[in-house]
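Asks: would you be able to build a 3D model of this:
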Amino acid sequence: MSRFGTVAAVALVATVALASRANAMPSFVRQTGLTCMQCHVTVIGTPDFTFTGKKFRLNGYRSPWVGEKIEAGEEGALNGRRLALSNFSPFSMRIGQSFLSQSKGSQEVGLTNPSPSAVTNTPFSNWAMFYVGSIGDHVGFWNETYFSARGNTSVGSQTYRFMGMDEWDLKLVFNPGYDNIIGFATTTQTFSYLAGFGAANSGAALNAMQRGGTPGSAHAPYGNIGVYGMLKDKFLFAAGVQGGEDNYSLKGMAYLLDVGLAISNSDYNQFWVNFQGKFGNDGVPIVTNTSLTADVSNYTYADAYTGVSATRGSTSATRVAYRSSDIGDFVRTKTEAEYSFTDRGPHRLWTSCGLTYNKETYADGAKIDQQGWGCTVRYLNSQTYGISYSLNGELKNDFTDRNAVKHPISHGGLNPINFGFHYKLAQNFRVQLSTSALTKGGGGRLDDTRSFKSNGWSWGINFDFQF
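Replies: Residues are numbered from 1 along each chain as shown. Below you'll find the model as predicted:
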């Protein structure tokens, strides 16, 4: 074993052996008395949800009648209304560390084989604050504020230079009948998150349901407004609007749709088919990525696919990335099938497979057509040992320029080895070893003629703790 491999193995074993037990997941456990595993299937990586967890989200992050009700007294009474308090503090925090990581790129034919990167240690890779829970009988709130080191340009102590209101989700909810939920939401989360079809999902390639924002740990700074419901614990619907993906104005518009059917609707055996759609004329183009300048003062726009700007003209003034003002109309969809079961002895399983379809036109006559697929599987044993695996690919990715010339966009091909291995010292403390091998080179370029003679790989050990 190499020196770096020995260091990584010893560090992982020492961490598992020495770390002390911690309490269960934070805010909602304190407020509701539910355990983490009643709302989540695996709790490895980004959260997946049981049927109970989906209803909890739809109900505005509240269980009816959990909050203690204090009646307004005679003195200072306001129409007899009550002051509603959560059982305990709705405040919590999350910290993470990219303990050790290393990677190596694939080798392009005719070029020198790249050397593996140095093994790196990044303390405080993420830090977030949460304020979540019920506000009275019909209102619930989720907020996540991230501190990010984005914009650092030199090696030194970790400096958080950017604070992002990563997630804001405010819901007004009513329960007409025993098994119906009707709600209104204003949220920065992807619209399908309303019912727990995220953050864990199929991982389908070319997902463009929500774009823009800041690279790293922050969502785009815009909101979605919508109404939603679940009828008879079977049928899910949500419809809404969005002003745009890089502005607050409602002058331009995107329309949001989410429709789901629960073929099986218990925690023990949950099976959903879900369709998500976004349609409109105001968004960050699929062919463009946004980022921050090094001093964290300005958004910048650059090609998401190398070569797009070059098709726009013959001068530097015209060869620029497409912006929201260049969009004509777009259609973006994702269809997923999700299946999970819990508590079959020590076994818990969550799976999702999906297809994406995107079509976007631009004011100069250019357009892009995309189709992708992906599947993700998670397994947890004894609520302690987990493994995750994902695989995705592109079925179609073609850019047609303003002169009606079609340019196929290359993709790197399947990456068959993409595993995560998880060990939970407690419900809220997780150690993850991520591995990726046979990583194909190429991708993301118009009319790509490159070929590669070797594949890349990467690995990393991460800690994640919530309290």
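Asks: any idea which residue sits dead centre in the protein?
Replies: Ala199 (4.4 Å; Cα atoms, centre = their mean).
Asks: what secondary structure does that residue sit in?
Replies: Secondary structure, DSSP: H, G, I helix; E, B strand; the rest coil: Ala199 is coil.
Asks: again, but for the one 10 residues further on
Replies: Assigned with three-state DSSP, Met209 falls in the coil class.
Asks: Three-state assignment for Val431, please.
Replies: Under three-state DSSP, Val431 comes out as strand.
Asks: now do the same contact list for the closest residue to the residue nearest to the centre of the chain other than its chain neighbours.
Replies: Spatially, and ignoring its direct neighbours in sequence, Ala199 is nearest to Thr46 (3.8 Å; Cβ to Cβ, 6 or more residues apart in numbering). Placement of C-beta: from N, CA and C, glycine included. Applying Cβ atoms under 8 Å, 6 or more residues apart in numbering, we find Thr46 in contact with Gly198, Ala199, Ala200.
Asks: do Pro114 as well
Replies: Shown in contact with Pro114 (Cβ under 8 Å, 6+ apart): Lys104, Gly105, Ser106, Gln107, Gly456.
Asks: kindly report the same for Gly226.
Replies: Phe184, Ala185, Thr187, Phe191, Leu194, Ala238, Ala239, Gly240, Val241, Leu256.
Asks: looking at this, it is in a strand?
Replies: Yes: according to three-state DSSP, Gly226 belongs to a strand.
Asks: quick one: pLDDT of it?
Replies: Listed pLDDT for Gly226 reads 95.
Asks: list the buried residues for the biggest strand by length in the chain?
Replies: Criterion DSSP state E: the longest strand present in the chain is strand 327-344. By neighbour count with 16 or more other Cβ atoms under 10 Å, strand 327-344 contains the buried residues 327, 330, 332-342.
Asks: same thing with stretch 414-424?
Replies: For stretch 414-424, burial by neighbour count (16+ other Cβ under 10 Å) applies to Asn415, Asn418, Gly420, Phe421, His422, Tyr423, Lys424.
Asks: so among these, where is pLDDT lowest?
Replies: Out of those, that is Asn415, at 86.
Asks: tell me which helix or strand that one sits in.
Replies: Using DSSP states H and E, Asn415 falls within no helix or strand.
Asks: among the contacts of Gly226, which has the minimum pLDDT value?
Replies: Here the lowest pLDDT out of the contacts of Gly226 sits on Phe191, with 87.
Asks: setting the sequence-adjacent residues aside, check what's closest to it.
Replies: Per Cβ to Cβ, 6+ apart, closest to Phe191 is Leu256, 4.5 Å.
Asks: who's that neighbour bridged to?
Replies: Gly240, Lys278 (DSSP bridges).
Asks: in contact with Tyr389, which residues?
Replies: Thr376, Val377, Asn418, Phe419, Gly420.
Asks: hang on, I meant Trp459
Replies: Residues counted as contacts of Trp459 (Cβ under 8 Å, 6+ apart) are Ala8, Ser101, Gln102, Ser103, Leu433, Ser434, Thr435, Ser436.
Asks: how does it look with 6 Å?
Replies: Trp459 makes contact with Thr435 under the criterion Cβ atoms under 6 Å, 6 or more residues apart in numbering.
Asks: for it, what are phi and psi?
Replies: phi -150, psi 160 (degrees, to the nearest 10).
Asks: just the pLDDT for it.
Replies: pLDDT for Trp459: 95.
Asks: quickly list what it is bridged to.
Replies: The residues that Trp459 bridges to, once DSSP bridges is applied, are Gln102, Thr435.
Asks: how close does it get to Gln432?
Replies: Computed as Cβ to Cβ, to the nearest Å, the Trp459 to Gln432 distance reads 11 Å.
Asks: picking that back up, who wins for most neighbours among the contacts of Gly226?
Replies: Leu194 (27 neighbours; other Cβ atoms under 10 Å).
Asks: if I look at that one, how far off is Thr376?
Replies: 20 Å.
Asks: ok so, going back, what is the longest strand of the chain packed up against?
Replies: strand 269-280, strand 347-362 (3 or more Cβ pairs under 6 Å, 6 or more residues apart in numbering; DSSP states H and E).
Asks: the longest one packs against which elements?
Replies: Helices and strands in packing contact with strand 347-362 are listed as strand 327-344, strand 367-381; criterion 3+ Cβ pairs under 6 Å, 6+ apart.
Asks: do the shortest one as well
Replies: When contacts are defined as 3+ Cβ pairs under 6 Å, 6+ apart, strand 269-280 sits against strand 254-266, strand 327-344.
Asks: relative to Tyr178, which of the ones you listed is closest?
Replies: The closest of those to Tyr178 is strand 254-266. By Cβ to Cβ, the value is 13.8 Å.
Asks: angle of the closest one against strand 269-280?
Replies: Orientation of strand 254-266 against strand 269-280 (axes from the mean of the first three to the mean of the last three Cα atoms, to 10 degrees) gives an angle of 170 degrees.
Asks: which strands and helices sit next to strand 254-266?
Replies: Applying 3+ Cβ pairs under 6 Å, 6+ apart, one finds that strand 254-266 contacts strand 235-242, strand 269-280.
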